[in-house]
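Asker: Generate a structure from the sequence data that follows.
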Amino acid sequence: GVGRDDDDDDDEGEEAGWRKAIRNFEEDWFADKVAKPGRDLYIYTACLQLVTLLFLILFSSAIEGQSGGLSQELQYNQFSGTMVLSALAQIALMLCDRVAFLFRSDRFKFAIQVVSVLVVHVLCFYTV
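Answerer: Reported below is the predicted structural model:
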(Lines give C-alpha, C1' and ligand atoms only; values in the text may rest on other atoms or scores of the structure.)
Protein backbone atom coordinates (compact mmCIF):
# COMPACT_ATOMS: atom_id res chain seq x y z
CA GLY A 1 0.00 0.00 0.00
CA VAL A 2 0.90 3.64 -0.20
CA GLY A 3 3.03 4.88 2.70
CA ARG A 4 3.64 1.42 4.17
CA ASP A 5 7.00 -0.18 4.63
CA ASP A 6 7.59 -3.83 3.90
CA ASP A 7 9.05 -4.18 7.42
CA ASP A 8 5.63 -3.36 8.95
CA ASP A 9 4.10 -6.43 7.26
CA ASP A 10 6.83 -8.66 8.75
CA ASP A 11 6.22 -7.25 12.24
CA GLU A 12 2.47 -7.84 11.99
CA GLY A 13 3.00 -11.39 10.78
CA GLU A 14 5.45 -12.08 13.59
CA GLU A 15 3.03 -10.63 16.15
CA ALA A 16 0.20 -12.79 14.77
CA GLY A 17 2.50 -15.80 15.09
CA TRP A 18 3.12 -15.04 18.77
CA ARG A 19 -0.60 -14.65 19.39
CA LYS A 20 -1.27 -17.99 17.70
CA ALA A 21 1.47 -19.67 19.75
CA ILE A 22 0.04 -18.28 23.00
CA ARG A 23 -3.48 -19.33 22.00
CA ASN A 24 -2.24 -22.85 21.17
CA PHE A 25 -0.45 -23.03 24.54
CA GLU A 26 -3.61 -21.96 26.37
CA GLU A 27 -5.71 -24.49 24.46
CA ASP A 28 -3.25 -27.30 25.08
CA TRP A 29 -2.81 -26.70 28.82
CA PHE A 30 -5.93 -25.00 30.04
CA ALA A 31 -8.88 -25.80 27.81
CA ASP A 32 -10.63 -29.02 28.72
CA LYS A 33 -13.95 -28.40 27.02
CA VAL A 34 -15.66 -31.61 28.17
CA ALA A 35 -18.39 -31.16 30.77
CA LYS A 36 -17.31 -32.87 33.94
CA PRO A 37 -19.64 -34.96 36.07
CA GLY A 38 -19.68 -34.70 39.82
CA ARG A 39 -19.70 -31.96 42.40
CA ASP A 40 -17.76 -28.71 42.37
CA LEU A 41 -15.41 -28.84 45.36
CA TYR A 42 -13.46 -25.65 44.66
CA ILE A 43 -14.94 -23.70 47.58
CA TYR A 44 -13.79 -26.40 50.01
CA THR A 45 -10.32 -26.44 48.47
CA ALA A 46 -10.07 -22.66 48.64
CA CYS A 47 -11.19 -22.63 52.29
CA LEU A 48 -8.61 -25.27 53.23
CA GLN A 49 -5.88 -23.34 51.43
CA LEU A 50 -6.87 -20.18 53.32
CA VAL A 51 -6.79 -22.10 56.62
CA THR A 52 -3.33 -23.40 55.69
CA LEU A 53 -2.14 -19.85 54.97
CA LEU A 54 -3.50 -18.59 58.31
CA PHE A 55 -1.89 -21.56 60.09
CA LEU A 56 1.47 -20.71 58.48
CA ILE A 57 1.22 -17.09 59.56
CA LEU A 58 -0.06 -17.70 63.10
CA PHE A 59 2.13 -20.68 64.05
CA SER A 60 5.28 -20.20 61.97
CA SER A 61 7.46 -19.46 64.99
CA ALA A 62 6.26 -22.62 66.75
CA ILE A 63 6.92 -24.64 63.59
CA GLU A 64 10.44 -23.20 63.39
CA GLY A 65 11.03 -23.86 67.11
CA GLN A 66 11.39 -20.18 68.05
CA SER A 67 10.02 -18.68 71.22
CA GLY A 68 7.97 -15.51 71.24
CA GLY A 69 5.33 -16.21 68.66
CA LEU A 70 3.34 -13.94 66.42
CA SER A 71 2.79 -11.25 69.04
CA GLN A 72 6.54 -10.68 69.37
CA GLU A 73 6.95 -10.57 65.59
CA LEU A 74 4.16 -8.01 65.35
CA GLN A 75 5.55 -5.97 68.23
CA TYR A 76 9.00 -5.65 66.65
CA ASN A 77 7.65 -5.63 63.08
CA GLN A 78 10.08 -8.39 62.11
CA PHE A 79 8.90 -11.53 60.42
CA SER A 80 10.90 -14.67 59.79
CA GLY A 81 12.15 -15.05 56.24
CA THR A 82 10.97 -18.65 56.28
CA MET A 83 7.47 -17.55 57.23
CA VAL A 84 7.35 -14.94 54.47
CA LEU A 85 8.58 -17.41 51.85
CA SER A 86 6.13 -20.05 53.04
CA ALA A 87 3.23 -17.60 52.90
CA LEU A 88 4.24 -16.43 49.40
CA ALA A 89 4.50 -20.04 48.21
CA GLN A 90 1.05 -20.79 49.62
CA ILE A 91 -0.41 -17.71 47.90
CA ALA A 92 1.22 -18.76 44.61
CA LEU A 93 -0.29 -22.23 45.01
CA MET A 94 -3.71 -20.67 45.65
CA LEU A 95 -3.41 -18.52 42.51
CA CYS A 96 -2.34 -21.46 40.34
CA ASP A 97 -5.21 -23.53 41.69
CA ARG A 98 -7.64 -20.73 40.85
CA VAL A 99 -6.27 -20.49 37.29
CA ALA A 100 -6.70 -24.25 36.87
CA PHE A 101 -10.26 -23.96 38.16
CA LEU A 102 -11.16 -21.04 35.88
CA PHE A 103 -9.78 -22.76 32.80
CA ARG A 104 -11.22 -26.10 33.93
CA SER A 105 -7.95 -27.83 33.17
CA ASP A 106 -7.39 -31.25 34.65
CA ARG A 107 -3.86 -31.45 33.25
CA PHE A 108 -2.81 -28.17 34.88
CA LYS A 109 -4.44 -29.19 38.16
CA PHE A 110 -2.58 -32.53 38.01
CA ALA A 111 0.71 -30.71 37.36
CA ILE A 112 0.08 -28.45 40.37
CA GLN A 113 -0.62 -31.46 42.59
CA VAL A 114 2.51 -33.33 41.47
CA VAL A 115 4.75 -30.30 41.96
CA SER A 116 3.29 -29.46 45.36
CA VAL A 117 3.66 -33.05 46.61
CA LEU A 118 7.27 -33.19 45.41
CA VAL A 119 8.13 -29.81 46.94
CA VAL A 120 6.53 -30.66 50.30
CA HIS A 121 8.33 -33.99 50.48
CA VAL A 122 11.67 -32.49 49.54
CA LEU A 123 11.25 -29.75 52.13
CA CYS A 124 10.09 -32.13 54.85
CA PHE A 125 12.54 -34.96 54.36
CA TYR A 126 15.65 -33.49 52.76
CA THR A 127 16.11 -30.17 54.53
CA VAL A 128 17.05 -29.65 58.12
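
Asker: switch to C-alpha atoms for all contacts and neighbour counts from now on
Answerer: Will do.

Asker: residues making contact with stretch 87-94?
Answerer: With contacts defined as CA atoms under 8 Å, 6 or more residues apart in numbering, stretch 87-94 is touched by 46, 49, 52-53, 56-57, 112.

Asker: what bits of the chain have low per-residue confidence?
Answerer: 1-15, 26-37, 127-128 (pLDDT under 70).

Asker: Sketch out the helices for it, chain order is fine.
Answerer: 6-30, 42-64, 69-76, 81-103, 106-125 (DSSP state H).

Asker: how distant is the fourth one from the center of its chain?
Answerer: Using CA atoms, centre = their mean, to the nearest Å, we find the averaged C-alpha position of helix 81-103 to lie 4 Å away from the chain's own average C-alpha position.

Asker: Would you mind listing the buried residues in it?
Answerer: For helix 81-103, burial by neighbour count (16 or more other CA atoms under 10 Å) applies to 83, 86-87, 90, 93-94, 97-98, 100-101, 103.

Asker: what do you get for the second one?
Answerer: Using 16+ other CA under 10 Å as the burial criterion, the residues of helix 42-64 that qualify are 49, 53, 56-57, 60-61.

Asker: swap in the last one?
Answerer: Taking 16+ other CA under 10 Å as the neighbour-count basis, helix 106-125 is seen to contain the buried residues 108-109, 112.

Asker: Nothing else from me, thank you.
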